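[1] Take this sequence and fold it.
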Amino acid sequence: MIVSQPQTRKIILLILKIFWVWLMLQFFLQTFVTFELWWNNIIWKIIWAWKEILIVMWAGLIIYVFAKNINCKNAQWLKSDIINRRYQLKLNQMPIIKFIIVFLLTTILTLIISLLINRVWISNYILSAKYNLIGFFIFILSFTIARLFLNVEDLKIVNRYNKLFKVALVGAFFWWIMVWLMPNFLKFFGYDWLNYEWTIWEAPPAAYYTMINQWAVRNQFLFERPISFGFFLVALWPVFFMGVLKWKWKKQVWWWSIFYGIIVLSTLSRAAIWVWLLITMIMILLINFDKIKKIFWKLILPLLILIGAWGMFFYQNSGDRIHSNVWHIQLPLEWIDIIADNGIFGRWAGYAGPASHQVCYNNLQDPKCQQIKNINDKYEITTIGFNPENQYIQIWIEYGLFGFLGRMIMFVWLHIIGYQVWMDQKSKKFGKNIRANGRIIIWLSLWILGLAIEGMVLHSFVDRMIVYPFMALFGLSYALYYKQTHERNIN
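    Numbers count the residues shown, from 1 in each chain. Model (predicted):
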C-alpha cells in the first residue's frame, strides 16, 4: 500500500535530515567501532554501507513511480496518490533530462568498455563508479525526488543544514587543540599515535604532521585526512557564507569569516588554502558586482600580490615539501604517456586510486594488480594501487576518452546551472524570495568550481563526505528553485 503524498513528503524530509547528520558522524563512529572496538566483520561492513543502501532505495522509489505513473503515448503523468497532483508534469518539464541522458550514456559506455574490452570484474567497475560517477547519480536522484515529492517551502532544509556547519567549525577547533595538547588521548577513540600516514585498513593517525618529527600538526577533525577536511571546508564555504553570514550584522560576518579562515589554515592543505582564497575573491566580486572595478583594484589585486609573495616565501622555505610540490606537477605529466597509449578505452576501471587501493588489496595475485605494483616500484611508491593525483587523468586512465568526455560534460553542466541562475538574478525578473533561493544555487555551483580546481592536483570529487551531502543539497535546491520559478511563470 502506497502512503499518501503528505506522508511521503514527511518521510523523505526525515530521511534527508538523517542522511546529512549521520554523514557528519560516520567517520568518527566508524573509526571508533572498527579500530577501538575491533568490530569489523561483514555485518558492520553492511552497516557502514547504509548510505549506498539508501541511495539504491531512492532509485527504486523513482523507478517505481515512473513505472506506475507514466503514459508512454504522451509522456504525461497519470493520477497517483504518491505524488502531489499540483505538480504533475511532462518529461520535457524535467530541466535535467539532457544531463540524465549524458549520465546514462557515460555509464553504459564505460561499463561495456570495462567488461568487454578491458575485461575486468563487474565488482571492479562498481567500486570505481562509486568514486567517479556516484556524485552525479546522487544529484539526479535528489533532483527527481524533490521535483516529485517536495514543496517549495522545503528549501528551508538547506538552512537547517547550515546549522551543522557551525558545529563542525567549533568542533574542529577544539579537536585541533586536543591533538596539539594530548594526541595520546585519542587512542581511546580508535586513533593510532604511531601512524603518521594512514594506509588502508590501518587505524588513522591521532595527529598528522607536515613531516614525522616536526611541530606542525595538521587538523583533520573527524575526517580521514587533513586534505579531506580541507575539501569539506572549501565545499561548504560558499553555502556557509550565503546561509549563515549574509543576513548577520557586519561584525559577526567578519568574526566568522576570520575564524573560518583559521580552520582552513589549520589543515595545512595547500590546495584547500589557495582555492579557499580564490573562491572568497569570487564571492566578493559577485556580491559587489556593481562595484567590481573598485573592488578589484583596491582589494583583489593587492590581495593577489600579497598571496603571491607569501606563496613564494612558503615555497622557498619549505624544503621538506618541495618533493610534494614537484610531485603534484610532474606526476600527471608522466601519466600523459599512459593516456597516449590507452587514450580511447583507458587501462581499466579500478586501475587508478583511490579505487585501485581497495581493488588490488583484495586481489594481490591479479595480473592487472601486479602491473600496478610494478609501476609503483618504478616510482618508489609502497602502497598497492596508484593515484595520479589528478582527478581528470584518473578518469581518463580508468574509462578512456568516452568516460572522460561524459564526465566533463556533466561537470561543466553543473557550472552552467549557476551561470543561468546568475543571469536570472541580473535580469531581476523574479521576486525577492525567488532571487534569495537562486543565490543558493549560485553558491552551490561555486563549490563545484572550487573542487574542480583542486581536482587538478588531487582527487577532491571522489571523497564521499563531500560529494554525498553536497550533491544531494545541489539537486534538492535546484529542483525546488525550478519548481518555484516554473510555478511563478504559470501564474
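[2] from here on, contacts and neighbour counts on C-alpha atoms
    Will do.
[3] any idea how far residue 114 is from residue 9?
    Computed with C-alpha to C-alpha, to the nearest Å, the distance linking residue 9 and residue 114 is 39 Å.
[4] which of these two has more neighbours?
    More crowded of residue 9 and residue 114, by other C-alpha atoms under 10 Å: residue 114, with 25 against 22.
[5] In stretch 430-445, which residues are buried?
    Judged by neighbour count using 16 or more other C-alpha atoms under 10 Å, the buried positions of stretch 430-445 are 430, 434-435, 437-445.
[6] now, among those residues, which is nearest to residue 406?
    Nearest to residue 406 among these: residue 445, at 18.5 Å, using C-alpha to C-alpha.
[7] That closest one sits in which helix or strand?
    helix 432-454 (DSSP states H and E).
[8] Just list what the very next helix or strand once past that helix packs against, helices and strands only.
    With elements assigned by DSSP H and E, the helix or strand that comes after helix 432-454 is helix 464-490. Helices and strands touching helix 464-490, by 3 or more C-alpha pairs under 8 Å, 6 or more residues apart in numbering; DSSP states H and E, are helix 5-31, helix 134-149, helix 226-240, helix 432-454.
[9] try 6 Å
    Packing partners of helix 464-490 (3 or more C-alpha pairs under 6 Å, 6 or more residues apart in numbering; DSSP states H and E): helix 134-149.
[10] Dump the helix it packs on to PDB, restricted to CA.
    Provided in PDB are the C-alpha atoms of helix 134-149 (Å, rounded to 0.1, in the frame of the first residue of the first chain):
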ATOM      1  CA  ILE A 134      28.100   8.300  -7.900                       C
ATOM      2  CA  GLY A 135      28.100  12.100  -7.200                       C
ATOM      3  CA  PHE A 136      26.200  12.800 -10.500                       C
ATOM      4  CA  PHE A 137      23.800   9.900  -9.700                       C
ATOM      5  CA  ILE A 138      23.000  11.400  -6.300                       C
ATOM      6  CA  PHE A 139      22.400  14.800  -7.900                       C
ATOM      7  CA  ILE A 140      19.900  13.200 -10.300                       C
ATOM      8  CA  LEU A 141      18.100  11.200  -7.500                       C
ATOM      9  CA  SER A 142      17.900  14.300  -5.200                       C
ATOM     10  CA  PHE A 143      16.600  16.500  -8.000                       C
ATOM     11  CA  THR A 144      14.000  13.900  -9.100                       C
ATOM     12  CA  ILE A 145      12.800  13.200  -5.600                       C
ATOM     13  CA  ALA A 146      12.400  16.900  -4.800                       C
ATOM     14  CA  ARG A 147      10.700  17.600  -8.100                       C
ATOM     15  CA  LEU A 148       8.100  14.900  -7.400                       C
ATOM     16  CA  PHE A 149       7.500  14.900  -3.700                       C
END
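[11] what's in contact with that helix?
    9, 83, 467, 471-472, 475-476, 479 (C-alpha atoms under 6 Å, 6 or more residues apart in numbering).
[12] Quick check: the farthest pair among those?
    83 and 467 (27.6 Å).
[13] Now the element after the helix or strand of the chain with the lowest mean pLDDT, going C-ward?
    Taking mean pLDDT, DSSP states H and E as the measure, the chain has strand 76-77 as its least confident helix or strand, at a mean of 45. The helix or strand immediately downstream of strand 76-77 is helix 97-112, counting by DSSP H and E.
[14] Please state the offset of that next one from the chain centre?
    20 Å (C-alpha atoms, centre = their mean, to the nearest Å).
[15] try stretch 412-421
    Counting by C-alpha atoms, centre = their mean, stretch 412-421 comes out at 17 Å from the chain centroid.
[16] Please save the CA atoms from that stretch in PDB.
    Taking Å, rounded to 0.1, in the frame of the first residue of the first chain, the C-alpha atoms of stretch 412-421 are listed here in PDB:
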ATOM      1  CA  VAL A 412      30.600  21.800 -16.900                       C
ATOM      2  CA  TRP A 413      26.800  21.500 -16.900                       C
ATOM      3  CA  LEU A 414      26.800  21.900 -13.100                       C
ATOM      4  CA  HIS A 415      28.700  25.200 -13.500                       C
ATOM      5  CA  ILE A 416      26.300  26.300 -16.200                       C
ATOM      6  CA  ILE A 417      23.400  26.000 -13.800                       C
ATOM      7  CA  GLY A 418      24.900  28.600 -11.600                       C
ATOM      8  CA  TYR A 419      25.600  30.900 -14.600                       C
ATOM      9  CA  GLN A 420      22.000  30.600 -15.700                       C
ATOM     10  CA  VAL A 421      20.600  31.500 -12.300                       C
END
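[17] any residues touching it, and which ones?
    Taking C-alpha under 6 Å, 6+ apart as the rule, stretch 412-421 contacts 441-442, 445.
[18] what about 10 Å?
    For stretch 412-421, contacts defined as C-alpha atoms under 10 Å, 6 or more residues apart in numbering pick out 96, 98-99, 136, 139, 407-408, 410, 422, 424-425, 427, 435, 437-449, 452, 474, 478, 481-482.
[19] what does stretch 110-128 give?
    Residues contacting stretch 110-128 (C-alpha under 10 Å, 6+ apart): 104-105, 107-108, 129-130, 132-134, 344-356, 358-360, 368, 395, 398-404, 406, 462.
[20] cool, and stretch 173-188?
    Contacts to stretch 173-188, defined as C-alpha under 10 Å, 6+ apart, come from residues 32, 35-37, 167, 169, 172, 191-194, 203-208, 215-222, 259-260, 262-263, 266-267.
[21] Buried subset of these, written for PyMOL?
    Buried subset of the contacts of stretch 173-188, written as a PyMOL selection, criterion 16+ other C-alpha under 10 Å:
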select buried, resi 32+35+36+169+172+191+192+193+203+204+205+206+207+208+216+217+218+219+220+221+222+260+263+266+267
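[22] Inside helices: which ones of the contacts of stretch 173-188?
    167, 169, 172, 259-260, 262-263, 266 (DSSP state H).
[23] next one: the longest helix seen in the chain to chain centre, how far?
    Assignment by DSSP H gives helix 391-427 as the longest helix of the chain. From the chain centre to the centre of helix 391-427 is a distance of 14 Å (C-alpha atoms, centre = their mean).
[24] List the buried residues for that helix?
    391-407, 410-411, 413-415, 417-419, 421-422, 425.
[25] try stretch 167-177
    169, 172-173, 175-176.
[26] Which single one of these is nearest to residue 284?
    Nearest to residue 284 among the buried residues of stretch 167-177, with distances taken as C-alpha to C-alpha, is residue 169, at 21.6 Å.
[27] list the contacts for residue 59?
    So residue 59 contacts 53, 137-138, 140-142, 144-145 (C-alpha under 10 Å, 6+ apart).
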